[in-house]
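Peer 1: Take a look and give me a structure for this.
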Amino acid sequence: MSDRKRPVGPIVDPLPPGLAPDLRPLFGRWVRLEPVSADQHGRDLYDSFASSDPEGAVWTYMGYGPFADFEAFVVWLAKQEESRDPWFYAFIRRDTGKAAGMGAFMRLDKANGVIEIGHIWMSPALQKTREATEAIYLMMRHCFDDLGVRRLEWKCHSLNAPSRKAAERFGFIYEGIFRQHYIVKGRNRDTAWYAMIDSEWPAMMARFQAWLRDENFDEKGRQKSPLLPK
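Peer 2: Below is the predicted model of the structure:
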């Protein structure tokens with residue numbers, strides 16, 4: 001038997017007790033994230049997409065939706081309110097005080113310090129705005145700085161080009177495709193995996209903070225410098 005040592009990974013310092021999301025509100029300058037409530041957020045969330053997205057495009061790659069009417073949506077939303085993994089949040093615009101999208105922390109693996117952010121959807125009016133970027137920043141910051149995770153994951157349908165572009169823009173690293181991962185709405189889903197690890201977060205956090213400053217936007221709210229260089 002060879003006495004050559006087999007390569008192994010580096011030793012990991014003992015992790016602190018795993019922290020689970022506790023549904024605390026998360027506050028930003030332009031948005032705040034609140035644990036989703038069917039009573040408080042249902043009407044705003046429904047109205048945010050019902051008139052501006054009549055074809056239900058926002059639900060194309062989700063495992064649910066589109067919804068026939070407000071009653072169907074709020075029944076679904078009430079179930080998400082009770083969920084504890086995923087933990088669902090509503091995205092509230094500070095300028096209007098209205099909910100305009102949702103996201104969740106999910107698939108917590110305490111022993112290994114891993115969590116995922118997912119179930120992210122935004123109304124057409126929220127998409128590609130400073131508020132949208134800040135909402136994702138708040139979720140990422142909570143995972144690394146409050147929950148103390150080692151690894152943050154982002155997964156999406158491999159054909160969901162906007163989500164894949166967003167993952168890359170937010171600094172997540174592409175790790176590959178899980179083929180025939182799910183059957184969603186009767187169709188095959190191959191899943192694209194992205195992740196960020198704790199050593200990568202400080203540099204990305206600084207980029208978020210710089211991008212969100214007032215001086216990075218002109219009088220029409222257009223960015224002057226991108227979040228990541230092209």
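Peer 1: okay, CA-based contacts and neighbour counts for the rest of this
Peer 2: Will do.
Peer 1: Span of stretch 222-230 from start to end?
Peer 2: Stretch 222-230 has its terminal residues 17 Å apart, counting by Cα to Cα, to the nearest Å.
Peer 1: Quick check: buried residues in it?
Peer 2: By 16 or more other Cα atoms under 10 Å, the buried positions in stretch 222-230 come out as 223, 227.
Peer 1: Run through this protein and note the low-pLDDT ranges.
Peer 2: By pLDDT under 70, the weakly predicted segments of the chain are 1-3, 17-18.
Peer 1: How about the contacts made by Lys185?
Peer 2: Gly63 (Cα atoms under 8 Å, 6 or more residues apart in numbering).
Peer 1: next one: phi and psi at it?
Peer 2: phi 50, psi 40 (degrees, to the nearest 10).
Peer 1: any idea how far Gly9 is from it?
Peer 2: 40 Å.
Peer 1: ditto for Ser163
Peer 2: From Ser163 to Gly9 the distance is 32 Å (Cα to Cα).
Peer 1: With neighbour numbers in mind, choose between the two.
Peer 2: Between Ser163 and Gly9, Ser163 has the larger neighbour count (other Cα atoms under 10 Å), namely 19 against 5.
Peer 1: Which of the three states applies to that one?
Peer 2: helix (DSSP: H, G, I helix; E, B strand; the rest coil).
Peer 1: Thought Cys156 was touching it, still the case?
Peer 2: Yes: at 6.6 Å, Ser163 counts as touching Cys156 under the criterion of Cα atoms under 8 Å.
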